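Student: Return atomic coordinates for the entry below.
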Amino acid sequence: MSDAAVAGRGVYAISDAEFRLFQQLMFNEAGVTLAPSKKALVNGRLSRRLTVRDCPSFRAYYELLGQDAQEWQTAIDLLTTNETYFFREPRHFDYLREKLLPARAGGRPFRIWSAACSSGEEAYSIAMVMAETFGAEGWAVLGSDLNTQVLAKARSGHYGMARTEGIPRACLERYCLKGKGSQTGTFLVGRPLRERVEFRQINLNTTLPKIEPFDVIFLRNVMIYFSQETKAQIVRRVIGLLKPGGHFIIGHSESLNGITDGLEVVRPSIYRRPA
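Tutor: Okay, here's the model as predicted:
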């Protein structure tokens, strides 16, 4: 029996050669580098799809992906790691609130892009800060991700109560609704705030759509999945949508060493595009 599958029991083991196929797929389509240590993750996350689609091996499933665009998206969704929470790395939100928003010039709405928003917590955190500063008008937030499943979660604005940790009490009371009855143990971002945040699927590893430029772009805690070359390409694409004088924010554990062309360092993890 092949090490690719245990027939009839829905138990699969991905071979090294099959894993390399999915490594190449993720790199080509998403710019994501799957380290050898991720072999078990790929095996675990895709095994159920092999059963559902009646594929005898990971190679057969890989071949199916080339024929089925919907299944391709399902596989990408399953292999895209998403970990986030409200007001993650709070110093960035403090800087936004205390330094960037008060300096806002009049005229056009202040625009912020959460460029790897996952299930929406970062985008809604930004929106809460904007609403606290500007009220209901004069700002816009875009959240984007490659993963369609987490984008559906983001649009719903519905989370478990454990996710409230980190949300300032005033924002929690003003912008969120506590679930009752069958929704006990959950909360919902209120409709007025949800309607101010747009979510859309954007692949940072391809030509970006034509969008009005942004005052601030958050691209945090995602570049660790990219090679240095891919990271440089993505940063160049993304900052092309940053207004002159705008700010680019990455995760505290990340670095733009060697790829900061066109950006000035403001402080660790915060950069500015010269005016």
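
Student: where along the chain do the strands fall?
Tutor: For the chain, the strands identified by DSSP state E occupy 5-6, 11-12, 110-114, 139-145, 158-160, 176-178, 186-189, 197-201, 214-218, 242-249, 264-267, 270-272, in order along the chain.

Student: helices and strands around the fourth one, which ones?
Tutor: In this structure, strand 139-145 packs against strand 110-114, helix 121-134, helix 148-156, strand 197-201, with contacts taken as 3 or more CB pairs under 8 Å, 6 or more residues apart in numbering; DSSP states H and E. Every residue, glycine included, has its C-beta placed from N, CA and C.

Student: what's the spacing between that strand and its chain's center?
Tutor: Averaging C-alpha positions (CA atoms, centre = their mean, to the nearest Å) puts strand 139-145 11 Å from its chain's average.

Student: if we can go back for a sec, out of the helices and strands packed on strand 139-145, which one sits most buried?
Tutor: Highest mean neighbour count among the helices and strands packed on strand 139-145 (mean count of other CB atoms under 10 Å): strand 110-114, with a mean of 25.

Student: Other residues contacting that one?
Tutor: When contacts are taken as CB atoms under 8 Å, 6 or more residues apart in numbering, the neighbours of strand 110-114 outside the stretch itself are 96, 101, 104, 122-123, 126, 130, 134, 138-144, 211-218, 241.

Student: what angle separates it from strand 197-201?
Tutor: With axes from the mean of the first three to the mean of the last three CA atoms, to 10 degrees applied, the angle from strand 110-114 to strand 197-201 works out at 40 degrees.

Student: Return the list of strands paired to strand 110-114, each annotated with direction.
Tutor: In the sheet, strand 110-114 lines up against strand 139-145 (parallel), strand 214-218 (parallel) (DSSP bridges).

Student: nearest to Val189, of these?
Tutor: strand 139-145 (11.9 Å; CB to CB).

Student: just to revisit the earlier point, PyMOL command for the buried members of the contacts of strand 110-114?
Tutor: Written as a PyMOL command, the selection of buried residues from those, which uses 16 or more other CB atoms under 10 Å, is:
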select buried, resi 96+101+122+123+126+130+139+140+141+142+143+144+213+214+215+216+217+218+241
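
Student: coming back round to it: as CSV, the strands paired with strand 110-114 with distance to Ser182 and mean pLDDT would be great.
Tutor: As requested, these are arranged in CSV below (distance: least, CB to CB, whole Å; pLDDT from 0 to 100):
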stretch, distance to Ser182, mean pLDDT
strand 139-145, 27, 97
strand 214-218, 34, 98
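
Student: Format the ones you listed as CSV; extra columns: distance to Leu25.
Tutor: Rendered in CSV, the data for these read as follows (distance: least, CB to CB, whole Å):
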stretch, distance to Leu25
strand 139-145, 18
strand 214-218, 27
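
Student: which residues touch the residue nearest the centre of the chain?
Tutor: Per CA atoms, centre = their mean, the C-alpha nearest to the average position across the chain is that of Ala116, at 2.6 Å. Residues in contact with Ala116 (CB under 8 Å, 6+ apart) are Ser144, Asp145, Leu204, Leu219, Arg220, Asn221, Val222.

Student: Tell me the one among the residues you listed nearest to Glu29.
Tutor: Closest to Glu29 out of those is Leu204 (11.3 Å), distances taken as CB to CB.
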